[in-house]
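[1] Sequence and predicted model, in that order:
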Amino acid sequence: MVAPTKEIETKSQVDPRDEPSAEWGWHGNFPRATQIMGWTIVVILLAMLIGNHEGNVENLWLVGIAAVIVGMLVTDIRRRRLSWRR
């Protein structure tokens with residue numbers, strides 16, 4: 001006796017082979033929360049410049065990491081604003 005095959009019911013037109021997570025549910029992102037947390041991290045990193053350390057190496061690292069994060073956040077904002085034009 002052959003067991004009946006179980007069909008996977010999909011609610012959208014997404015092929016599970018293209019996006020395997022479509023089989024088990026939502027797989028979106030949180031763009032506003034990402035922006036808020038990114039800017040919060042930048043503020044925290046720059047607030048760490050105020051302290052009792054004597055060398056400037058720490059300051060360079062903090063400013064450098066904050067600058068990279070700001071660059072990524074600005075790029076994300078620009079990408080989202082210009083995506084509707086394409």
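    Okay, I see it. Residues are numbered from 1 along each chain as shown.
[2] Which helix runs longest in the protein?
    When the chain is parsed with DSSP state H, its longest helix is helix 57-82.
[3] Which elements pack onto that helix?
    Using 3 or more Cβ pairs under 8 Å, 6 or more residues apart in numbering; DSSP states H and E, the elements in contact with helix 57-82 are helix 31-47. C-beta here means a position set from N, CA and C on the backbone, and glycine is covered the same way.
[4] Check which residues of the helix it packs on are buried.
    42, 45 (16 or more other Cβ atoms under 10 Å).
[5] what's that helix in contact with?
    The contact list for helix 31-47 (Cβ atoms under 8 Å, 6 or more residues apart in numbering) reads 62, 63, 65, 66, 69, 70, 72, 73, 76, 77, 80.
[6] Now restrict those residues to buried residues only.
    Burial by neighbour count, 16+ other Cβ under 10 Å: within the contacts of helix 31-47 this picks out 62, 66, 70, 73.
[7] With distance to residue 43 added, can I get those residues in CSV?
    Conversion of the buried ones among the contacts of helix 31-47 to CSV gives the following (distance: Cβ to Cβ, whole Å):
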residue, distance to residue 43
62, 12
66, 9
70, 11
73, 12
